[in-house]
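*Asks:* Let me see the structure of the following:
(2 chains)
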Number of protein chains: 2
Amino acid sequence: MASDDLIAKLKAALGDAGVLTGKDAEEKAQGGWSKLGVPAAVLRPASTEEVSKALKLCHAAGEGVVPWGGKTGLVEGGEAEGHIALSLERMNKIEEIDTLGGTMSVQAGCVLQAVCEAAEAKGLLFPLDLGARGSATIGGNISTNAGGNRVIRYGMTRDLVLGLEVVLADGTVMSSMNKLIKNNAGYDLKQMFIGSEGTLGVVTRAVLRVRPKPVSQDTGFVAVESFDQLPKFLRHMERALGGTLSAFEVMWEDFYKLVTMEPAKGKPIVPHGHPYYVLVESMGGDQEADSARFEAAMMEALEAGEISDAVIAKSQAERDAMWALRDDVGQVVHTYPMFTFDVSLKIADMESYIADVKKGLAAKWPDSSLMVFGHLGDGNLHVIPGRFPDAGPETRHGVEAVVYGRLRDRQGSVSAEHGIGLEKRPYLDWSRSAEEVALMRMLKRTLDPKNILNPGKVLEPLPQAKAAE
Amino acid sequence: MASDDLIAKLKAALGDAGVLTGKDAEEKAQGGWSKLGVPAAVLRPASTEEVSKALKLCHAAGEGVVPWGGKTGLVEGGEAEGHIALSLERMNKIEEIDTLGGTMSVQAGCVLQAVCEAAEAKGLLFPLDLGARGSATIGGNISTNAGGNRVIRYGMTRDLVLGLEVVLADGTVMSSMNKLIKNNAGYDLKQMFIGSEGTLGVVTRAVLRVRPKPVSQDTGFVAVESFDQLPKFLRHMERALGGTLSAFEVMWEDFYKLVTMEPAKGKPIVPHGHPYYVLVESMGGDQEADSARFEAAMMEALEAGEISDAVIAKSQAERDAMWALRDDVGQVVHTYPMFTFDVSLKIADMESYIADVKKGLAAKWPDSSLMVFGHLGDGNLHVIPGRFPDAGPETRHGVEAVVYGRLRDRQGSVSAEHGIGLEKRPYLDWSRSAEEVALMRMLKRTLDPKNILNPGKVLEPLPQAKAAE
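*Replies:* Numbering: from 1, shown residues only, chains lettered A, B, ... in the order given. Predicted structure coming up:
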C-alpha cells in the first residue's frame, strides 16, 4: 500500500487535481469492463513529464503502478487493487495531423472514436475499429495491440503505429516518435511495448499511420451451408475484390438466432435455418465500379455454391442494420451464467474445434449453450459458452479446461486480441513454449527490475516472488 | 581467433562438411555485396539442432559468430574478419505451404526468389520483392527487415512474418512458429529479432504470410513537372485505386537520364526533359475493370496537372521495360567514385533536402553528380552522390557529413531499409536518441551478454569493450 509520504510527493509533483485518493479513487475505478479493484490512488498526469515524475517516485518507493486507458479491457489487465492507478485521461490531445505525410500524432489518452473522427474530418482513415470505440483510448489500444473488425485489411494496432513515446519504469522518457514508414536505424524498440499490456512501459504519445479515406463501401450479408465453404468464400472474395476486402465476420447459427429474435431488437437479414452467416464488406476507390464488382463477386460465390443466400445493403441504414447484428454481443447476457473467450486457431481446425468444445461442454453440462462468432479471416473466434448452473470458480475452471484444452491440442492461442491480463495468465503457457515464457520474463526483469509496472499481469509471479507476497 | 580446440568440437558437432576453414572459408567469403572479411571458419549447419550446438560451443568459448544469408547486404552487416561465419545455406527447405490458411513455413536459408516462386506455383503471392531476390535469403530478409518495391501495399518484411524460430546466443532454441494472424498471448517476441541484424539471435525458420495471387497488374510510367505534384499524384492514385496501388517508384531526372542513355541499354519511355519520373503499378482482382480504372485514374491526374505525360504498359514486355529502368541501378558505376545511401524522411522535406545535399556537395566538389530514386510512398530515397576525385575515407566522411547532416536537420533516418551493419554505425545516433540507443544496448546485453552474436554490428562497442579489444 502506498505510503502517505509517497502520496504527498506525488501531489507535489502532479498537483492536487492530479492525485485522487479514498472515495475519489474508488469512484474512478467504477465502470470498468472487467475487474479493476480499488486502487490506493489514481494519478491523472497532464503531460509526459508528469508521467515521468510519477514513475520516478513510484520506482523509488517500489510501488506498483497500473496504467489505465478507457477501462474497456476484458481480461483484468487494469486490476489495481491496492496499487496506484495511472490514468492517461487528461493526456487526450490530438497534436498534429499531417495529411500529406499520412501521419497523426496523438496523446495516449485520446479516445479511439475521437481519433477516427479527427482523421475523417481531414478526409483520412484511421482504420482501427472495435466495439469499445467510444471509451477505449489509443494508448490502451496500443498497449494491448487491439484488433477489431478491419484487421483483415489493415492489420492490428501494431501495424498502424509508426512512432511511440514510452515512459520506462524508472521514469526515463523513451521518445521514438518516428513518422517514417521505413526506418531500419537499429532495433525497432516500439514493438516491445506494443501489446505488452503496460508491463514494460507506459505509452504516453504515438504517431499513427493514416490513409486516404476510402470512397466506396459495399456490405453484404450471406448464408453458408457448410463450414468448408467459408474459407473458400473468403479466398474468393479476397481474390475477386483485389485487396479491398475489409471485413469478413462470421456468425454461427445460434449466435445469429440470439441477435435476431426476441428479446433482441434485430431482425433476420437472411432467413434462419443456415449453419453460418457472414457479414462481408469492401472499401475501395470508386463507388459505382466497386459496387458492380462486389455484386459480381457475390453472384459468382452463389453460382459456385459457396454461399446459398445473399443480401447486399442498398443504403447506409441497411448497412447499419447488418453491423448492428454483429455488434449486438450484449445479447449473450441472456445465456447467463456465461464466460467469454477470445481464441485464435487455424481456419482448417475451427470446425472440429467448435464441435469438440460443444461435445465437451455437453458431457458435463447438458443444458449449456455455445455462442460463436468472429473474424474468420484472422483466425479469430469469440466463443461464449453459457447457461451454466452457476458462474463460480469451479464451473469457470471446468469450462476453461474444455475451451482451452481443445485449443491446446490444435496449437491455438488463448488470446487472439484481448491480451492476457490477470484472467488468462494461468493459460499463457498453453499457447507459448517454456522458452518463450522464459524470454518474456527476461525482458520484464530487464525493463522493470523492481516489478512496479502493472505487476502480476501477463506473467505469473515466480515462486520466489510469490513467497514474498 | 577461434582455437583449434573449438574448431575440432564444431567439426564433431556439424560433421566435416559443416565446417570450412582456411582457403575454403576464404572462398566462401567471396562475392559479397559489401565487405565480408576473411572468417576463421564458415559453419554450414544442416538443421536448427546443429545451429544450436554450434552456438552453444561458440558461446562457451566466447567466440564471435556472424550469421550469413545470401551475402547481399549493403552495410557490412556480414563482416566476419577473424570470426566464425554461420551460413544458413544448407537450411533451404520450404517445409509447408498452407493454401487455405495463407501461410508458408520455410527454413532461413531459402532464397527469396525460390520462396516467391513456390508461392506462385500454388496461386499465392509472397509480396516481398527486391533487386537481390535471386541471392538474398529469407533469413537475411527477416533479420534486416528488408523493404523493397511493394512496401506501400504490403509493408516491410516484418509485416509478412507470422512466426519465427530463433536460436539465442547460448544455443537455446526459441521456437515461436506461430501461424495465426492474431495472437496476443504475451509479448510478441519475434518482433525483437526482426530487423536486429543477427545481433540478438539467429533466425533459423519462419512462418510467412501469403496472399491470393493478384489477378491483374497495371503499370504506368509518367513525367511530373514539379516536386509538389508528386505527393498529390501519389495520394490521388491511392484513393482512386482504392487499396490496390502496389508500387510508386520515383526517379529524379539525372537518374532517369543515366539509365536511358548510352552506355545503358534502356530507352526513354517518356521523353527526357522533365524533373521527375514515376513508375506506378497496381495489382488487383479483375484485369479488365482494373485496367479501366487505372487508365481513368491516370487521365484524371493528367487533367489535374499532377502529371504531364504518361505511358501505360500494353504488354508484359512493356511492363518489363519500365521495371528494367528502375532496376538498372548498376549504371551508377559510371559515376564512380560514388557512395550509396538509403535514407528516409518526410515527403514534405524531400525537395529541400535534395537541393541542400546538392548544394553542400557542389560547394566542396563542383564536378560531383547526384543520382536519386526511391520509394516515395514509403518516404524512402536512395541517394548516390558520385564523380568524386577519390573514394578514400576522407572523401567518404565528407560526403556522409553532407548527406547525413542535412538529414539530421530534418529528423530523417540514416537507414530506411538497408540496416546499420558496420557501415552506418557511426551515424546511428544521428537518427536515434540517447535513450533509444541506451535501450538497444540494454537489450543486447540481456540477450547476448558475452557479445558473441554479430559482434560490433549496429551498436558501437562501449569504451570499456573497446579497451578490452
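*Asks:* And what about the most centrally placed residue in chain A, helix, strand or coil?
*Replies:* Nearest to the geometric centre of chain A sits residue A:146, at 3.5 Å (CA atoms, centre = their mean). Following DSSP: H, G, I helix; E, B strand; the rest coil, we place residue A:146 in the coil state.
*Asks:* wait, doesn't it sit right on residue A:136?
*Replies:* Yes. Between residue A:146 and residue A:136 a contact is recorded at 7.2 Å, counting by CB atoms under 8 Å. All C-beta spots, glycine's among them, are computed from the backbone N, C-alpha and C.
*Asks:* anything in contact with each of the two?
*Replies:* residue A:130 (CB atoms under 8 Å, 6 or more residues apart in numbering or on different chains).
*Asks:* returning to what we had before: once you drop chain neighbours, what's closest to the residue nearest to the centre of chain A?
*Replies:* Once flanking residues are discounted, residue A:146 sits nearest to residue A:157: 4.7 Å by CB to CB, 6 or more residues apart in numbering or on different chains.
*Asks:* How about residue A:116?
*Replies:* Ranked by CB to CB, 6+ apart and with sequence neighbours excluded, the top spatial neighbour of residue A:116 is residue A:126, at 5.1 Å.
*Asks:* and what of residue A:192?
*Replies:* Nearest in space to residue A:192, with sequence neighbours left out and distances taken as CB to CB, 6+ apart, is residue A:200 at 6.0 Å.
*Asks:* sorry, back to before: so the residue nearest to residue A:146 touches residue A:194, yeah?
*Replies:* Yes. Counting by CB under 8 Å, residue A:194 is a contact partner of residue A:157 at 6.8 Å.
*Asks:* okay, and the common contacts of the two?
*Replies:* The contact sets of residue A:157 and residue A:194 overlap at A:142, A:145 (CB under 8 Å, 6+ apart).
*Asks:* Could you pull up the residues touching the residue of the stretch 101-250 of chain A found nearest chain B?
*Replies:* Of all residues in the stretch 101-250 of chain A, residue A:242 sits closest to chain B, at 2.7 Å by CB to the nearest CB. The contact partners of residue A:242, by CB under 8 Å, 6+ apart, come to B:214-216, B:244, B:283-286, B:290.
*Asks:* ok so, going back, burial count for the residue nearest to residue A:116?
*Replies:* Residues lying near residue A:126 (other CB atoms under 10 Å in any protein chain shown) number 23.
*Asks:* confidence score at it?
*Replies:* According to the prediction, residue A:126 has pLDDT 98.
*Asks:* distance of it from residue B:41?
*Replies:* As judged by CB to CB, to the nearest Å, residue A:126 and residue B:41 stand 51 Å apart.
*Asks:* now do residue A:352
*Replies:* Residue A:352 sits 49 Å away from residue B:41, going by CB to CB.
*Asks:* When these two are compared, which one has more neighbours?
*Replies:* residue B:41 (25 against 13).
*Asks:* Can you pull the phi/psi pair for the more buried one?
*Replies:* Main-chain dihedrals, residue B:41, degrees, to the nearest 10: phi -160, psi 160.
*Asks:* Spatially, what comes nearest to residue A:419 if we skip its sequence neighbours?
*Replies:* Nearest one to residue A:419, counting by CB to CB, 6+ apart, is residue A:144 at 4.6 Å.
*Asks:* Can you name the residues that contact the residue in the stretch 251-400 of chain A positioned nearest to chain B?
*Replies:* Distances between the stretch 251-400 of chain A and chain B by CB to the nearest CB are smallest at residue A:285, namely 2.7 Å. By CB under 8 Å, 6+ apart, the residues touching residue A:285 are A:214-216, B:239-243, B:293.
*Asks:* pLDDT wise, what is residue A:377 at?
*Replies:* Confidence score, pLDDT, at residue A:377: 88.
*Asks:* isn't it right up against residue A:153?
*Replies:* No. Using CB under 8 Å, residue A:377 makes no contact with residue A:153, being 9.0 Å away.
*Asks:* who touches both of these two?
*Replies:* In terms of CB under 8 Å, 6+ apart, residue A:377 and residue A:153 are both contacted by the residues residue A:245.
*Asks:* between these two, who's got more neighbours?
*Replies:* Neighbour count, other CB under 10 Å: between residue A:377 and residue A:153, residue A:377 has more, with 24 against 21.
*Asks:* Is that one located within a helix, as I assumed?
*Replies:* Yes. Using three-state DSSP, the assignment for residue A:377 is a helix.
*Asks:* residues contacting the closest residue to residue A:169 other than its chain neighbours?
*Replies:* Distance criterion CB to CB, 6+ apart; nearest residue to residue A:169, sequence neighbours excluded, is residue A:448 at 4.3 Å. Residue A:448 sits next to A:168-169, A:199-200 when contact means CB under 8 Å, 6+ apart.
*Asks:* Dihedrals phi and psi, residue A:448?
*Replies:* Per-residue torsions, residue A:448: phi -140, psi 70 (degrees, to the nearest 10).
*Asks:* The contacts of residue A:242, buried ones only, as a ChimeraX selection?
*Replies:* Typed into ChimeraX, the line below selects the buried ones among those, using 16 or more other CB atoms under 10 Å in any protein chain shown:
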select /B:214,216,244,283,284,285,286,290
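*Asks:* Number of residues surrounding the residue nearest to residue A:192?
*Replies:* For residue A:200, the neighbour count with other CB under 10 Å is 24.
*Asks:* How much space separates residue A:208 from residue A:195?
*Replies:* From residue A:208 to residue A:195 the distance is 16 Å (CB to CB).
*Asks:* Only the buried residues of stretch A:428-447, if you could.
*Replies:* Across stretch A:428-447, burial judged by 16+ other CB under 10 Å covers A:428-432, A:435-437, A:439-440, A:443-444, A:447.
*Asks:* Could you restrict these to the ones contacting chain B?
*Replies:* Contacts with chain B are made by A:428, A:431-432, A:435-437, A:439-440, A:443, A:447 out of the buried residues of stretch A:428-447, judged by CB under 8 Å from any CB of the partner chain.
*Asks:* and residue A:96, that's in a strand?
*Replies:* Yes. Applying three-state DSSP, one finds residue A:96 inside a strand.
*Asks:* ok so, going back, which pair in the contacts of residue A:448 spans the largest distance?
*Replies:* Pairwise distances across the contacts of residue A:448 (CB to CB) peak at 11.7 Å, for the pair A:168 and A:199.
*Asks:* who's more crowded, these two?
*Replies:* Applying other CB under 10 Å to residue A:168 and residue A:199 shows that residue A:199 carries more neighbours, namely 27 against 22.
*Asks:* element containing the more buried one, please.
*Replies:* Under DSSP states H and E, no helix or strand contains residue A:199.
*Asks:* I'd guessed it sits against residue A:458; true?
*Replies:* Yes. Counting by CB under 8 Å, residue A:199 does reach residue A:458; the two are 5.3 Å apart.
*Asks:* Please enumerate the shared neighbours of these two.
*Replies:* residue A:444.
*Asks:* what stretches of the stretch 1-150 of chain A score poorly on pLDDT?
*Replies:* Residues of the stretch 1-150 of chain A that meet the criterion pLDDT under 70 lie in A:1.
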